[in-house]
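Student: Pasted the sequence and its predicted model underneath.
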Amino acid sequence: MELKLRDGRELRHRTTEVRGMAQNPMTREEVGEKCLGLCAPVLGKKHARDLIEAIWDIERVNNVRALRPLLRG
């Protein structure tokens, strides 16, 4: 990003490791919020939240078919 200020100064910044990359990981909460923001318009908030919780607890899911109902809006 480059900005040229009215007083003539120029400010520059370049981010090479954006949020979510391995070098700059998101927190679990940030991942959940991002997922909710992307999924809720399609699945509805309740289904999106339930899906996120199920994915966080995927180790306990005996059969992935149990996730199917959560993928329907």
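Tutor: Thanks, I have the structure now. Numbers count the residues shown, from 1 in each chain.
Student: any chance you could map the helices in the chain?
Tutor: Along the chain, the stretches classed as helices by DSSP state H are 28-43, 45-56.
Student: Show me which of these has the highest average neighbour count.
Tutor: helix 45-56 (a mean of 15; mean count of other CB atoms under 10 Å). (Glycine included, C-beta is placed from N, CA and C.)
Student: helices or strands up against it?
Tutor: Contacts of helix 45-56 with other secondary structure elements, assessed using 3 or more CB pairs under 8 Å, 6 or more residues apart in numbering; DSSP states H and E, are made with helix 28-43.
Student: List the contacts of the helix it packs on.
Tutor: Around helix 28-43, the neighbours that count as contacts under CB atoms under 8 Å, 6 or more residues apart in numbering are 19, 26, 45, 47-49, 51-52, 56, 70-73.
Student: what's the closest of the residues you listed to residue 3?
Tutor: When these are ranked by distance to residue 3 (CB to CB), residue 19 comes first, at 20.8 Å.
Student: could you dump the helices of the chain to TSV with mean pLDDT and distance to residue 11?
Tutor: Conversion of those to TSV gives the following (pLDDT from 0 to 100; distance: least, CB to CB, whole Å):
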stretch	mean pLDDT	distance to residue 11
helix 28-43	96	27
helix 45-56	94	38
